[in-house]
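Asks: Provided below are the primary sequence and the corresponding predicted coordinates.
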Amino acid sequence: MLPRLSMFSRKDAPYQDLDPGQERRTFVATLNDALGEIAPLGERHKMLSLKAGDLQRLRQIVSAIGADAKVLGLQKLALRSFALEFRIDQVQDNRQAVQSTDFRDTFYYFLDVARQTAAQFENEGLVSLRERGPDRQTGWHILVVDASTWAADFARAALGTSCQISHAQDGSSAFDTMQAFRPDLILLDPSLDDITGQEFLETLSETPHTATVPVIVVSTDTSTEAAVSALVNGAVDFVSKGLMPEDFQTRVLSILNSGRQRLHHN
């Protein structure tokens, strides 16, 4: 057990109460403790034999690091944590995925960024490492429609201060939300409990208030058929939930900056 794990993200121990020296030492100690526990899992023979309990513990540690990194404004580390959490969830659903290069590469990339962050913290301190995302506050408002809260957290971490993120867990609540405001972009998981992705896009087209709101379909289904279906039904883009944070940010901001609207048929 790591006694200092997720200290900064706990409501009862806000990092603001620490002076800069304590803040730096506490975070470095937390991060190094965590790395000491999970780094050995990177050895190939250990990674291939990871058990369910190992994966749960790995996810707990990575989630805690990501939560602290987000609170401390360390965007790169937060993004890498979110990306590895996603890969761990994939492995838990399909144990064969632990042998994939995607899982290993994401794990090693996370370790590299975490080690670099710890080393820089020790040398430079917190202030020089804070990352606030894009400097420009755009006022863009994105609606994430996904049963998982992880999707909205990932979007917030990837996009920083460039966008305001709202979240709806199903189609019904999404349309209720859009009665109050018109989002600049919708990130849609097509596997909702109460409506299919196609039905969601069709309903969006039939509502004048939202007919031209651009939609990016974000799915775990990476098949050509799924991508074609999304685009044929009016989505402006189709991306995988395994997309790296930097690529995700580029795709989203490109659509927002271009002012692209969703095509619809009368």
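Replies: Okay, I see it.

Asks: can you give me the strands in the stretch 51-200 of the chain?
Replies: For the stretch 51-200 of the chain, the strands defined by DSSP state E, counting those that start in this stretch occupy 140-145, 163-168, 185-188.

Asks: mind checking how far the spatially most central residue of the chain is from L187?
Replies: With distances taken as CA atoms, centre = their mean, F154 lies nearest the centre of the chain, 1.9 Å away. As judged by CB to CB, to the nearest Å, F154 and L187 stand 9 Å apart. C-beta here means a position set from N, CA and C on the backbone, and glycine is covered the same way.

Asks: same question, D194
Replies: 17 Å.

Asks: Please apply the same query to A152.
Replies: In terms of CB to CB, A152 sits 9 Å off from L187.

Asks: Between the two, tell me which one has more neighbours.
Replies: Just comparing A152 and L187: by other CB atoms under 10 Å the higher neighbour count belongs to L187, 24 against 20.

Asks: one step back: now do the shared contacts for A152 and L187.
Replies: V144, D146 (CB atoms under 8 Å, 6 or more residues apart in numbering).

Asks: care to break the protein down by domain?
Replies: Domain assignment for the chain by automatic domain parsing gives 15-129, 140-258.

Asks: Save those domains as TSV, and put in mean pLDDT too.
Replies: Conversion of those to TSV gives the following (pLDDT from 0 to 100):
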stretch	mean pLDDT
domain 15-129	75
domain 140-258	88
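
Asks: Count residues in the vicinity of N257, would you?
Replies: Residues near N257, counting by other CB under 10 Å: 11.

Asks: Kindly apply the preceding question to F175 instead.
Replies: Residues lying near F175 (other CB under 10 Å) number 18.

Asks: before we move on, back to that, quickly list what's touching both of F154 and L187.
Replies: What both F154 and L187 touch, as defined by CB under 8 Å, 6+ apart, is an empty set.

Asks: Kindly provide the distance from the nearest residue to S229 once chain neighbours are set aside to L192.
Replies: Of all residues not flanking S229 in the chain, Q198 sits nearest, at 6.8 Å (CB to CB, 6 or more residues apart in numbering). For Q198, the distance to L192 (CB to CB) stands at 11 Å.
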